[in-house]
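> sequence unavailable; structure follows:
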């Protein structure tokens, strides 16, 4: 099961997630991803704040099958949580206030910036239900904040009439919806900032017109040069006020000819160009793909022709040659008479959003693959059981000769080995919780090698084990740590096999100091280039051909090891192999990490 790009601020606390820190979470294969991806697209396409909140509340209530769902925004002036949209019973709550106190369900989610759960308000006292919810006879609930730049701008809360313990998957689903709603609200906020800047530009243009021209001149048609100059004046007014540089999205102003007359700091940082290099450039900026070169220009022309905002997804090429996906929106800039004198361009970097969607799709594929592997292992297990039973039965027959009995013993031995392999595959493939137990790392290494024995023998990998006999036990999630070992060993095996069709893999375990266990995996493969080494733990980074790797293995390993309070790194030299180190904290039985 792979990590997915849903931000969930949860920890395994029985009744509440109070005080948790943001971290990626896992969706089980039972969760249908298609409705979530469809909802994400709908939220990002919403026209205004109200539509985002109504859509988020309705779909959260429907997907989680609750009695009510409320979407409330945090008022900065007084800190009140005002319900802006509701579904079910909460439809009657619009414009009413939820309890924002730290010990209330909704207030807790806002103050801790993480999910808060209440299974039954009549029996649990760690949190209390908002009086508004009690008024409608609601007893259970779950609240998740909507975060923008680390600040809670609102909260999404679901309620039930009866006691209910929400599952981890349900926490993930509500967290995903709240996260995507927050992204959509941030986009709308950026557009609203653009509209405010348009107002400033209009005011600046009008003021310049009133101050420099006689009254009757206001009625005369404007020349292209005049409108360009006014667009520049308006852009300068915005720049002086610093509003354009306060947003994380890239902003630029173009005149009627499509030439840039102003850019903000974020746009310069996105592209790597200085302001002076961008000013005066036309709308067809240097884009990453030739087939996209005309898309921004046509979008700009469409906006100019229809006098309405227009958007397009493009690939930007930075000054250093690297590329990033972006959504470019052109908004017409009008003067006091309504004539279009220029456009404001808004550029939003889509890299993180696209990465999250790709992670969701990859999680779905890996979940399907896990189900397929489990099914095949079950099918293999049935004939193996028959082979073992019959071989043992025939060996007990006195009429069977010595040579035949030896052959049957060999069959039984290999069948038992195959059965162990099937058992290990099933154990590895089935979903596991996050429980941590007291384990021997050496034993875990042996179990991992037994699981991968067939692959390593086929590729003629010689194993050299140096496992410290006095290695202390520790508390970890054995399934997750085994996943780390499998990924590292599999990468080493593939590297050695591609380099020279065989190899040697040395695995050592040592106690480092009093509190650390170190596991080292050293192969004699081709090594890793220094430039590649800097990126190997990044999600979706892979040097394998298309279809041969996902680029998720080592990034998942790093997340797992870091969750265990450890670290993972690699040392390599081209032509001299690679060593991966995994360090885990030594934790005594009875203590927790």
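Now that the structure is in, tell me what you want to look at. Worth saying up front: this structure is predicted, and the values here are computed from it rather than measured. Residues are numbered from 1 along each chain as shown.
> so the residue of the chain positioned farthest from its centre, which of the three states?
Here the chain reaches farthest from its C-alpha mean at residue 399, the gap being 65.3 Å by CA atoms, centre = their mean. Classification of residue 399 using DSSP: H, G, I helix; E, B strand; the rest coil returns coil.
> just the pLDDT for residue 550.
Residue 550 is assigned 47 on the pLDDT scale.
> hang on, I meant residue 160
92.
> hmm, who's touching whichever strand or helix holds residue 445?
Taking DSSP states H and E as the definition, residue 445 sits inside helix 441-451. With CB atoms under 8 Å, 6 or more residues apart in numbering as the test, helix 441-451 has contacts from 420-421, 424-425, 428, 456, 463, 465, 467-468, 471, 473-474, 476, 478, 481-482, 485-486, 489, 507, 509, 517, 519, 584. (Each C-beta comes from the backbone N, C-alpha and C, glycine too.)
> mind listing what the longest strand anywhere in the chain pairs with, with the direction of each?
Longest strand of the chain, by residue count under DSSP state E: strand 323-334. If you go by DSSP bridges, strand 323-334 pairs up with strand 310-317 (antiparallel), strand 340-349 (antiparallel).
> residue 405 is nearest to which of these?
strand 310-317 (69.5 Å; CB to CB).
> quick revisit: just the strands paired with strand 323-334: most buried one?
Sort those by mean neighbour count, taking mean count of other CB atoms under 10 Å, and strand 340-349 sits at the top with a mean of 24.
> is it fair to say residue 406 lies in a helix?
Yes: Residue 406: assigned to a helix according to three-state DSSP.
> quick check: mean pLDDT of the longest strand of the chain?
On average, strand 323-334 scores 79.
> chain center to that strand, what's the gap?
How far strand 323-334 lies from its chain's middle: 24 Å, per CA atoms, centre = their mean, to the nearest Å.
> would you mark the buried spots in that strand?
Of all the residues in strand 323-334, those buried under the rule 16 or more other CB atoms under 10 Å are 324-334.
> closest to residue 113 among those residues?
Proximity of these to residue 113 (CB to CB) peaks at residue 327, which lies at 26.6 Å.
> how about the contacts made by the nearest residue in space to the closest one that is not next to it in sequence?
Distances taken as CB to CB, 6 or more residues apart in numbering place residue 348 nearest to residue 327, at 4.6 Å, with adjacent residues excluded. If a contact means CB under 8 Å, 6+ apart, then residue 348 has 187, 190, 249-250, 326-327, 329 as its contacts.
> also residue 510?
468, 471, 517-518, 520.
> list the buried residues of stretch 173-190.
173-188, 190.
> residue 309: what's its closest spatial neighbour, skipping adjacent residues?
residue 331 (4.8 Å).
> and for residue 134?
residue 121 (7.3 Å).
> do you know how far that neighbour is from residue 114?
19 Å (CB to CB, to the nearest Å).
> and for residue 324?
In terms of CB to CB, residue 324 sits 30 Å off from residue 114.
> again with residue 399
71 Å.
> ok, residue 584 next?
Applying CB to CB to residue 584 and residue 114 gives a distance of 26 Å.
> check residue 308 too.
For residue 308, the distance to residue 114 - CB to CB - is 40 Å.
> for residue 343, same thing?
Relative to residue 114, residue 343 is positioned 41 Å away (CB to CB).
> ditto for residue 138
In terms of CB to CB, residue 138 sits 21 Å off from residue 114.
> do residue 348 as well
With CB to CB as the criterion, residue 348 and residue 114 are 26 Å apart.
> per-residue pLDDT of the residue lying closest to residue 131 once chain neighbours are set aside, please?
Leaving aside its chain neighbours, residue 131 sits nearest to residue 99 (6.4 Å; criterion: CB to CB, 6+ apart). For residue 99, the model assigns a pLDDT of 85.
> what does residue 410 give?
pLDDT at residue 410 comes out at 84.
> host element of it?
Counting by DSSP H and E, residue 410 is found in helix 402-429.
> distance from the helix or strand following that helix to the middle of the chain?
Next helix or strand after helix 402-429 toward the C-terminus (DSSP H and E): strand 437-439. Relative to the centre of its chain, strand 437-439 is centred 30 Å away, using CA atoms, centre = their mean.
> now strand 437-439: buried residues?
By 16+ other CB under 10 Å, the buried positions in strand 437-439 come out as residue 439.
> that strand pairs with which strands, parallel or anti?
Strand 437-439 has these strand partners (DSSP bridges): strand 474-476 (antiparallel).
> picking that back up, of residue 584 and residue 114, which one has the most company?
residue 114 (28 against 23; other CB atoms under 10 Å).
> and the pLDDT at that one?
Reported pLDDT for residue 114: 87.
> swap in the one 3 residues further on?
We have a pLDDT of 92 for residue 117.
> and the host helix or strand of residue 187, average pLDDT?
Secondary structure from DSSP H and E places residue 187 in helix 168-212. Helix 168-212 carries an average pLDDT of 66.
> next one: stretch 59-76
90.
> buried ones in it, by neighbour count?
59-61, 63-64, 66-74.
> got it, and stretch 159-175?
159-160, 164, 166, 168-175.
> from the contacts of residue 348, pick the one nearest residue 495.
Nearest to residue 495 among the contacts of residue 348 is residue 326, at 35.2 Å by CB to CB.
> isn't the closest one up against residue 349?
Yes: here residue 326 reaches residue 349: they are 5.6 Å apart, a contact under CB atoms under 8 Å.
> anything in contact with each of the two?
250, 270.
> and what about residue 166, helix, strand or coil?
Going by three-state DSSP: residue 166 is coil.
> hmm, I typed the wrong one, I wanted residue 69.
Residue 69 - assigned by three-state DSSP - is strand.
> which element is the residue nearest to it when sequence neighbours are not counted on?
Spatial nearest neighbour of residue 69, chain neighbours left out: residue 61 (3.7 Å); criterion: CB to CB, 6+ apart. Secondary structure assigned from DSSP H and E places residue 61 in helix 49-64.
> so what touches that helix?
With CB under 8 Å, 6+ apart, helix 49-64 has contacts from 35-36, 39, 42-43, 46, 66, 68-71, 73, 84-88, 90, 154, 156, 158, 170, 173-174, 177-178, 180-181, 184-185, 188.
> gap between that helix and the chain center?
How far helix 49-64 lies from its chain's middle: 21 Å, per CA atoms, centre = their mean.
> what distance do you get for residue 555 to residue 537?
Residue 555 is 6 Å from residue 537, by CB to CB.
> those two: which has the busier surroundings?
residue 555 (21 against 17).
> strands of the stretch 1-150 of the chain, start to end?
For the stretch 1-150 of the chain, applying DSSP state E, counting those that start in this stretch gives strands covering 7-8, 23-24, 68-74, 81-88, 97-98, 116-118, 140-148.
> quick one: closest of those to residue 562.
strand 23-24 (9.1 Å).
> beta partners of the nearest residue to residue 582 once chain neighbours are set aside?
Take residue 582 and drop its neighbours on the chain: the residue closest to it by CB to CB, 6+ apart is residue 519, 4.6 Å away. Following DSSP bridges, residue 519 is listed with bridge partners residue 509, residue 582.
> could you report the neighbour count for residue 519?
Quick note: residue 519 (other CB under 10 Å) scores 25 neighbours.
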